[in-house]
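Peer 1: Below: sequence and its predicted model.
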Amino acid sequence: HLGASGVAHVLELATRPVMATHSSARALRDHHRNLTDDQIRGVAGTGGVICVNFLAAFLTENAREATLDHLLDHIEHIAGVAGIDHVGLGPDFMDEVLRDLTPPCCEGVSSSGIDNRAVIPGLEGPGGLPLVGEGLLARGLPEADVRKILGGNVHRLFGKALA
């Protein structure tokens, strides 16, 4: 949840792998919360992982039209820039959280000018996660790479950080 100067500062100070837990590619959607290709390379350079955010507003300009393909495009872009060992998932299922926490009087409230309630059809909550793996396989990614993206890279990072 850092801006550009915060990311730069973290990368400047990092002595261990950095994990960007909820980030997408600014090259595909120009939003201040998304990472530039240089920032993506910087995180990867620490041995870290960039976890792609599922929040529709970070994936495409018109959040209400977001699809699984938009999410997969961000995953593939980050993998192309950083390498397959540096990409993971950071779902951020905001709609589910907001439905549980928001009183009926406050529906429609946005944050930072984005529509937090816009979701990718099928990915409204964790039950849809198999769609991501299926989509990556359908795009021709090897099963071993899909396993890395679906959790293997984060597991490896935690193993190193906690060792």
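Peer 2: Good, I have the coordinates. Residues are numbered from 1 along each chain as shown.
Peer 1: CA atoms for contacts and neighbours, from now on please.
Peer 2: OK.
Peer 1: what's near enough to touch the residue lying closest to residue 57 once chain neighbours are set aside?
Peer 2: The spatial neighbour of residue 57 that comes closest, neighbours along the chain excluded (Cα to Cα, 6 or more residues apart in numbering), is residue 63 at 4.6 Å. Applying Cα atoms under 8 Å, 6 or more residues apart in numbering to residue 63 gives the contacts 56, 57, 115, 118, 119.
Peer 1: Give me the three-state assignment for the second one.
Peer 2: Looking back up the chat, that one is residue 57. Each residue gets one of three states, and residue 57 gets helix by DSSP: H, G, I helix; E, B strand; the rest coil.
Peer 1: mind checking how far it is from residue 35?
Peer 2: Look at residue 57 and residue 35: by Cα to Cα, to the nearest Å, they are 14 Å apart.
Peer 1: and what of residue 76?
Peer 2: Applying Cα to Cα, the value for residue 76 to residue 35 is 14 Å.
Peer 1: Who has more neighbours out of those two?
Peer 2: Per other Cα atoms under 10 Å, whichever of residue 76 and residue 35 has more neighbours is residue 35, with 27 against 18.
Peer 1: Next up, the contacts around the more buried one.
Peer 2: Counting by Cα under 8 Å, 6+ apart, residue 35 has contacts 23, 24, 25, 26.
Peer 1: Residue 58: how many residues sit nearby?
Peer 2: 30.
Peer 1: same check, this time on residue 162
Peer 2: Residue 162: 6 surrounding residues under other Cα under 10 Å.
Peer 1: begin at 32 from here
Peer 2: Done: numbering now begins at 32, and the last item shifts to residue 193.
Peer 1: how near is it to residue 187?
Peer 2: Here the criterion is Cα to Cα. By it, residue 193 lies 10 Å from residue 187.
Peer 1: repeat for residue 86
Peer 2: As judged by Cα to Cα, residue 86 and residue 187 stand 25 Å apart.
Peer 1: got it, and residue 117?
Peer 2: As judged by Cα to Cα, residue 117 and residue 187 stand 10 Å apart.
Peer 1: In terms of neighbours, single out the busier of the two.
Peer 2: When residue 117 and residue 187 are compared on other Cα under 10 Å, the one with more neighbours turns out to be residue 117, at 27 against 14.
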